[in-house]
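**Q** Could you look at this predicted model? Sequence included:
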Amino acid sequence: GAVVSQHPSRVICKSGTSVKIECRSLDFQATTMFWYRQFPKQSLMLMATSNEGSKATYEQGVEKDKFLINHASLTLSTLTVTSAHPEDSSFYICSTRGDNEQFFGPGTRLTVL
Amino acid sequence: QKEVEQNSGPLSVPEGAIASLNCTYSDRGSQSFFWYRQYSGKSPELIMSIYSNGDKEDGRFTAQLNKASQYVSLLIRDSQPSDSATYLCAPSEGAQKLVFGQGTRLTINP
């Protein structure tokens, strides 16, 4: 399967700051990437679908102005959490879409103090 | 009503036994079905995918799909302690939008 990396793996920031998370497809040209969020003891929830060269599609209830997604190349999508607050603390996971399955990155643990 | 429901855990199984994980889904448009394994603090990894009614076997894992009943299951034979994890069921239309169940936490007891 495709190899997907994320950076950073873990980040701690102060409330009100912005945090950028990178998702890279290392061996696969990904026209579509997905961003998920997982709170403790809960399942993965899709936040948005990132499409190379076009605007991301956000799921209902996800603020597009708070979670900025940029997919400028076939190998890189970024998620920026703007003005982060403690309730944004979560495990953020990206994935790329293959022919019939999705390949997940290792995830980024965000803690907002 | 939840879109994807999984049997509530935690599920405890003795080592060497068969672990049975169940999942029902509401979207009849789902064509692809995935089982992911997630260790604590890690991202999901794909265990099995199934697209047609019936059984699909891969090593110790068998996925079963019944589209008429909107039911998919995962059997793990000869369970090992390393199988202890949370198992997520995810139906999809193709590999587009995956809708995950809440997951079943499986514990294999040595």
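**A** That came through fine. Numbers count the residues shown, from 1 in each chain, chains lettered A, B, ... in the order given.
**Q** unless I'm mixing things up, residue B:93 is touching residue B:29, no?
**A** Yes. Residue B:93 lies in contact with residue B:29 (C-beta atoms under 8 Å); the separation is 5.5 Å. Quick note: C-beta positions are derived from backbone N, CA and C, even for glycine.
**Q** who's more crowded, those two?
**A** Higher neighbour count among residue B:93 and residue B:29: residue B:93, with 13 against 7, using other C-beta atoms under 10 Å in any protein chain shown.
**Q** Please identify which helix or strand holds residue B:63.
**A** In the assignment (DSSP states H and E), residue B:63 maps to strand B:61-66.
**Q** I'd like to know which elements that strand is packed against.
**A** Here strand B:61-66 touches strand B:32-38, strand B:45-50, strand B:54-58, strand B:71-76, going by 3 or more C-beta pairs under 8 Å, 6 or more residues apart in numbering or on different chains; DSSP states H and E.
**Q** could those be laid out in TSV, adding distance to chain A and mean pLDDT?
**A** Putting these into TSV (distance: least, C-beta to the nearest C-beta, whole Å; pLDDT from 0 to 100) gives the following:
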stretch	distance to chain A	mean pLDDT
strand B:32-38	6	94
strand B:45-50	6	93
strand B:54-58	13	96
strand B:71-76	15	97
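**Q** what's the most buried one of the ones you listed?
**A** strand B:32-38 (a mean of 22; mean count of other C-beta atoms under 10 Å in any protein chain shown).
**Q** Packing partners of it?
**A** Going by 3+ C-beta pairs under 8 Å, 6+ apart, strand B:32-38 lies up against strand B:45-50, strand B:61-66, strand B:71-76, strand B:85-92.
**Q** at 7 Å what do you get?
**A** Packing contacts for strand B:32-38, counted by 3 or more C-beta pairs under 7 Å, 6 or more residues apart in numbering or on different chains; DSSP states H and E, involve strand B:45-50, strand B:85-92.
**Q** what element comes up after the lowest-mean-pLDDT helix or strand in chain A heading to the C-terminus?
**A** Ranked by mean pLDDT, DSSP states H and E, the weakest helix or strand in chain A is strand A:102-104, scoring a mean of 89. From strand A:102-104 onward toward the C-terminus, using DSSP H and E, the following helix or strand is strand A:108-112.
**Q** right, and residue A:64 touches residue A:58 too?
**A** Yes. Between residue A:64 and residue A:58 there is a contact under C-beta atoms under 7 Å: 4.8 Å.
**Q** how about the helices and strands packed on strand B:32-38 in TSV, adding distance to residue A:23?
**A** Shown next, in TSV, are the helices and strands packed on strand B:32-38 (distance: least, C-beta to C-beta, whole Å):
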stretch	distance to residue A:23
strand B:45-50	16
strand B:85-92	19
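**Q** looking at those, which is closest to residue B:13?
**A** strand B:85-92 (11.8 Å; C-beta to C-beta).
**Q** Distance from the closest one to the middle of the chain?
**A** 5 Å (C-alpha atoms, centre = their mean, to the nearest Å).
**Q** Residues in contact with that strand: which ones?
**A** Strand B:85-92 has contacts (C-beta atoms under 7 Å, 6 or more residues apart in numbering or on different chains) with A:43, B:4, B:6, B:21, B:23, B:25, B:27, B:30, B:32-39, B:44, B:72, B:74, B:98-101, B:103-106.
**Q** ok, now with 8 Å
**A** Applying C-beta atoms under 8 Å, 6 or more residues apart in numbering or on different chains, the contact partners of strand B:85-92 are A:43-44, B:4, B:6, B:9, B:21, B:23, B:25, B:27, B:30-40, B:44, B:47, B:72, B:74, B:98-101, B:103-106.
**Q** This completes my enquiry, with thanks.
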